[in-house]
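Q: I would like the atomic coordinates for the input below:
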Amino acid sequence: MIQLHIATESDIKPFTHLRAGETKLGETLQLCDSLDDIVNNNCTYVLFGICEDIGIRANYGKPGAIKAWGSFVKAFVNVQDNQFNNGNDILLLGHIAVSPDIDDIDKENPETLGSIVARIDSKVATVVNRIVSAGKIPIVIGGGHNNAYGNIKGTATALQKAINVINFDAHTDLRKAEYRHSGNGFTYALESENSYLKTYCIFGLHKNYTPQYIYNMIATSNHITAFDMEDMLLESKQVENFKTAISQLSDNTLGIEVDVDSIANFSSSAQTPSGFNLEMMRYFLGQLARNNKCGYLHICEAAPTKKNYQQVGKALSYLVTDFIRNHREYYTL
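A: Next up, the predicted model:
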């Protein structure tokens, strides 16, 4: 079963560390009773998690993304509510949970896992659609990059038009549409009958891990652009190319996908020693929030361990608060 677990006070209170004279986001975040309540809520941002790594397993990747939402929530509720962070404008919706437990699933049969991923797609698309239809911005944490398809479909169907997407990633996730997994979410979005994806930009692509057939696809497509990491190793070049990329995407609603595989040494399903540093990613998200019509933000593939669980959660919290803070400033101009 794949279901949306609605967050309650008991989900966040035990992790919110109260201190005299201070207010934490865990004390001010909004909660709701059901998905139907979103439309009448006065918040701008709706946070929810996806607790699964089935799509990653189906793509022969390293599991662990199922834990990202938990690590994020425990850090996020302890962010200070102050003049820069306003919990009253954020609804903590809850998380999508997948049953039966992953241990009961045949890990040796990727196509079986793919059938479950297709069902997760449907649930993610439904939740995102409801949030966007209510005039809110979904911020989605966790799961594999297979969930990009549900995010794109949900946003596009709510707006009744194809959207643009920028994907910070070492990989294109444009593998063949054989069965659903974390490596072909954008393939399905591009090839969908209803054309959910208009322009797709991969930013930070690694030449060592991109097959030639995908480079051929990019070269012949009118809908795909890519900026290789090796062509912008200098931070100045990263900023220059980033400005070029967003100028090509400014004509439409923008979905923002952050695969933390693109961040150097980030604990993830395909951790890399070479990539963007965390500060640069924070800059990218701040600029996107201020200069584009944002449809949604999705941060995926984080795989915290016992050793770095707290640090991964804090890193994800920085990315989310940077996005919200900069968007709020732009949104209220």
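Q: what's the average pLDDT for stretch 60-69?
A: The predicted model assigns stretch 60-69 a mean pLDDT of 94.
Q: which residues sit against the host helix or strand of residue 297?
A: Taking DSSP states H and E as the criterion, residue 297 maps to strand 294-300. Strand 294-300 is contacted by residues 50, 65, 68, 128, 131-132, 137-145, 147-148, 151, 155, 159, 163, 253-260, 285, 288, 316, 319-320, 323, 327 when judged by Cβ atoms under 8 Å, 6 or more residues apart in numbering. Placement of C-beta: from N, CA and C, glycine included.
Q: Then stretch 313-323?
A: Contacts of stretch 313-323 (Cβ under 8 Å, 6+ apart): 47, 68, 70-76, 79, 84-85, 139, 141, 256, 258, 266, 278, 281-282, 285-286, 288-289, 297, 299, 302, 304.
Q: Please repeat the previous calculation with a cut-off of 7 Å.
A: 68, 71-72, 74-76, 79, 85, 139, 141, 258, 278, 281-282, 285-286, 289, 297, 299, 302, 304 (Cβ atoms under 7 Å, 6 or more residues apart in numbering).
Q: Buried subset of those residues as a ChimeraX selection?
A: With 16 or more other Cβ atoms under 10 Å as the criterion, this ChimeraX line picks the buried residues out of the contacts of stretch 313-323:
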select :68,71,72,74,75,76,79,85,139,141,258,278,281,282,285,286,289,297,299,302,304
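Q: I'd like to know how far residue 16 sits from residue 231.
A: 44 Å (Cβ to Cβ, to the nearest Å).
Q: still on that earlier bit, taking the contacts of strand 294-300 one by one, which sit in helices?
A: Taking DSSP state H, the ones among the contacts of strand 294-300 that sit in helices are 68, 128, 131-132, 148, 151, 155, 159, 285, 288, 316, 319-320, 323, 327.
Q: Quickly name whichever of these is closest to residue 221.
A: For the ones in helices among the contacts of strand 294-300, the closest approach to residue 221 (Cβ to Cβ) belongs to residue 148, at 17.2 Å.
Q: Count the neighbours of the residue nearest to the closest one when sequence neighbours are not counted for me.
A: Among residues not flanking residue 148 along the chain, residue 185 sits closest, at 4.0 Å (Cβ to Cβ, 6 or more residues apart in numbering). Neighbours of residue 185 under the rule other Cβ atoms under 10 Å: 31.
Q: helix/strand/coil for residue 96?
A: What DSSP: H, G, I helix; E, B strand; the rest coil gives for residue 96 is strand.
Q: Model confidence score at it, please.
A: The per-residue pLDDT of residue 96 was computed as 97.
Q: thought it was touching residue 7?
A: No - if you go by Cβ atoms under 7 Å, residue 96 and residue 7 don't touch, sitting 11.8 Å apart.
Q: hmm, back to that, residue 16 and residue 231 - which one has more neighbours?
A: residue 16 (17 against 13).
Q: There's contact between the more buried one and residue 25 in this structure, I believe.
A: No - if you go by Cβ under 7 Å, residue 16 and residue 25 don't touch, sitting 8.2 Å apart.
Q: Any chance you could list what contacts stretch 177-188?
A: By Cβ under 7 Å, 6+ apart, stretch 177-188 touches 55-56, 58-59, 61, 110-111, 114, 117-118, 121, 144-146, 148-149, 172-176, 191, 197, 200.
Q: please redo it, this time with the cut-off set to 8 Å
A: 55-56, 58-59, 61, 110-111, 113-115, 117-118, 121, 144-149, 152, 165, 167, 171-176, 191, 197, 200, 269, 301.
Q: List only those of the contacts of strand 294-300 flagged as buried.
A: Among those, those that count as buried by neighbour count (16+ other Cβ under 10 Å) are 50, 65, 68, 128, 131-132, 137-145, 147-148, 151, 155, 163, 253-260, 285, 288, 316, 319-320, 323, 327.
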